[in-house]
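In: No letters, just coordinates:
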């Protein structure tokens, strides 16, 4: 477990803070993308890494959050920052409704169902369900976030906003990892029958994990919507889910630092190697196969929990 | 009434293709308990290889007509099965003892790899099969014109499926496959070379998928590198619908899905067609996960 | 964790190497160099590249050479916004692009905020120029014009029952709805209005359903792969209803996909094809293009990109500056009836191209596209 305040964390944070002073708009925007995907990756990490549920439909939650913000903002004039918790809530609610009937499915079946779910969401968005999603056009004219009258417009404004959010996410999720909830999730990932036998209500915890992961992805959707000011269904396809899946699995499922690394690799590297962009996905495919064969846990595997001897016997 | 009949036959033809691809999924799942995500891309490879054989090797003139197309199909099936075997060796065999998730991710990786490899080799544009390889005059059934190709596809799909079923039920190798599907370790103890069985499965499954790809190329004329994705997912739905691991189930599931899709898009809505297919998938998994004909369970001796 | 740090530090260092600007006039070209529309994007690159080369051979503009910076948007809004950000930080004064209304839309704000002139060559959605962006222009026409021409053609041909199909993309749906509204005003009933799913192969279902509604004319507003399949499957069904397409079907691959027999008689709307351009400038350009690349340009949108380049250069010459505000004002007020490759060009206050650009084409029995009077 990474203790906040340790040397690598401080160094990394310093670099992140210093970046806008040396980088131009383009690379700041790349870091913005990386930050956004870090938030998404961390949210998927709860479901996939900690609870061990194969979720390939994460982009659907992202979409719900983004569209909630877009609709509330363009139709009802709700300021973007107010929509942040609302989007999270909408996505979490959606996750609970959808996950409730399928939560008992085992591994690969759950995987397929989540794929079906994200595709249904995308098709519904394209077909302008309930007449509010704007169809294939998407929704445009989403306003920028305003903080005490200051409008976030340039990449550097968004940069601080996004990475602040990343920081909050990391802190919260680290606390979560070490809490009872986090331990319970890990337990049911390892052996859910035993967990049920130990008195953990597996269905409730699984739903909670889904809701939490989805809600956080929904909030990431808000940030995305207000940054792009237009959203369309193409941005929330199954391949987006694959990207998120890769970030978590390749970086290290269950490990926060791993997910951050995953985001940098999956999103950042293609920008560095722009010339190879057409072959990029090819390498990803190879990387996935390679990683699974040689290093299943990802580059940074989850750290085992370490307890000091003199703390044994205390209440956690 | 005519519309209904046309939509029905169309659904059956499309369903026949789904069924062929579904057979590949179901066989692999039966022996390896693995969802071979790359199967849809083997289908695409089949379509592209068929085109390459026709055009690059200038065989178009030799290969028209029923005999010619049949020969083409055999060539395509052979090539795709080789790719299938390679796939198994490289991406799946090392993961036999590992956690299920690893194999699934590896399968997904293989799928992405294939799709992009095709794109890089052939380019992103749409390719077109040479026209008029087979005569396409409409045949009149009950007074309604049905394109000949549609009937051909349905018939050839059914033919291949029946051949497969007989193979699995009546031959020794087929029995070995069934045994491995029931219990790998027990089969090994019985002296069955499990590796060889798996290799055979990866021969047949991809071959059928490749043949389906070639048929789609001939029938619709147009192919591109993303076609495997949606066909693969629908075929997988069909396999689950019929009961994964179950060969007649895959046949039934494929045909049923094709008809459901066709009729619902005609009478309910065109734009929601895919969503309806996915919805069927989710429904089946919730309500009856073993599918219509049930998962393969131990048979009573 | 260490590895993470090294990687991040490494990335930072790689990034801080900016390119030094030589003393040239930089113009950006954003297009789908990869992805589904790579054909258009690559040709855009060729056309604009050739024009720039010719210009530089004559001494450039205002004494400086012109440098074209190409970026790939891959036909995807997200990639496009990254490409736009990259271009905007490299000191360009104007950008040409792109193909695809949704893609262009994703980049409008970025260019606007950076004060860069944007001239789109293949984005016909109406709302792009309705946002009050002072630096946005387009050399391609708008969907409402296309809708009008479609309606006029249908009326001229005397059809009484029309079916309209689109593919749910913003461009196609917009054009379909425009045409539907216009037809309603003319009291021509639309008996069938539906969307198909692009990327599918099997359109027998929608064709059968449409046949049951018995239209005497079908207008399809989607893209050429689907158009080709529709024509082919319609023929297989033995149904002879005349078909017309919007400008996104304008691609020679259409005939390959449908087969010459099925494509014969197919009508479509488009700005004039390169081979039919009759201005002297156009003819000499097509000749030099053929000389360099071995064939005439296949699609009109890259040629519209070429016109975008030429009007920008004209404005730079005319204002003797590269200040975006001056260029924008010049284009809107001073540039009148500029002899473009695709016809005379003037812009209105919104940045739209004025004048009638759309023509009707028919496919003949050899699969060639013939301009209709």
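Out: Received it, and whenever you're ready, just let me know what you need. Quantities reported herein were computed from a predicted structural model and do not represent experimental measurements. Residues are numbered from 1 along each chain as shown, chains lettered A, B, ... in the order given.
In: Now the residue nearest to the spatial centre of chain A: closest residue in space, sequence neighbours ignored.
Out: Nearest residue to the geometric centre of chain A (C-alpha atoms, centre = their mean): residue A:40, 1.6 Å. Take residue A:40 and drop its neighbours on the chain: the residue closest to it by C-beta to C-beta, 6 or more residues apart in numbering or on different chains is residue A:220, 5.0 Å away. Quick note: C-beta positions are derived from backbone N, CA and C, even for glycine.
In: what residues are up against the one you found?
Out: A:36, A:39-40, A:43, A:62, A:65 (C-beta atoms under 8 Å, 6 or more residues apart in numbering or on different chains).
In: before we move on, back to that, how about the residue nearest to the centre of chain A, phi and psi?
Out: Residue A:40 adopts backbone torsions of phi -60, psi -40, taken as degrees, to the nearest 10.
In: Hmm, residue A:62 and it touching each other?
Out: Yes. Using C-beta atoms under 8 Å, residue A:40 is in contact with residue A:62, at 6.2 Å.
In: Which neighbours do those two have in common?
Out: Residues touching both residue A:40 and residue A:62 (C-beta under 8 Å, 6+ apart) are A:217, A:220.
In: How many neighbouring residues does residue A:18 have?
Out: 11 (other C-beta atoms under 10 Å in any protein chain shown).
In: Distance check, it against chain B.
Out: Counting by C-beta to the nearest C-beta, to the nearest Å, the gap between residue A:18 and chain B amounts to 36 Å.
In: and that residue, helix, strand or coil?
Out: Under DSSP: H, G, I helix; E, B strand; the rest coil, residue A:18 falls in the helix class.
In: Near residue C:242, how many other residues are there?
Out: Residue C:242 is flanked by 14 other residues according to other C-beta under 10 Å.
In: shaky segments in chain A?
Out: Scanning chain A for pLDDT under 70 picks out A:1-5, A:136-137, A:273-278, A:308, A:311-316.
In: ok, which stretches of chain B are strands?
Out: For chain B, the strands defined by DSSP state E occupy B:127-128, B:138-141, B:144-147, B:222-223.
In: now for those strands, which one comes closest to residue C:286?
Out: Closest approach to residue C:286 among the strands of chain B (C-beta to C-beta): strand B:127-128, 26.6 Å.
In: Hmm, residue A:248 is touching residue A:45, no?
Out: Yes. Between residue A:248 and residue A:45 there is a contact at 5.4 Å, judged by C-beta under 8 Å.
In: Give me the common contacts of those two.
Out: Shared contacts of residue A:248 and residue A:45, defined by C-beta under 8 Å, 6+ apart, comprise residue A:259.
In: Tell me where the stretch 151-300 of chain C has strands.
Out: Ranges of strands in the stretch 151-300 of chain C, per DSSP state E, counting those that start in this stretch, are C:162-166, C:190-195, C:217-220, C:243-245, C:267-270.
In: who wins for proximity to residue B:104 among those strands?
Out: Nearest of the strands of the stretch 151-300 of chain C to residue B:104, taken as C-beta to C-beta: strand C:190-195 at 33.8 Å.
In: For the closest one, buried residues please.
Out: Using 16 or more other C-beta atoms under 10 Å in any protein chain shown as the test for burial, strand C:190-195 gives C:190, C:192-195.
In: nearest to residue A:22, of these?
Out: residue C:195 (48.6 Å).
In: just checking, that closest one touches residue B:271?
Out: Yes. Assessed by C-beta under 8 Å, residue C:195 is found in contact with residue B:271 at 4.9 Å.
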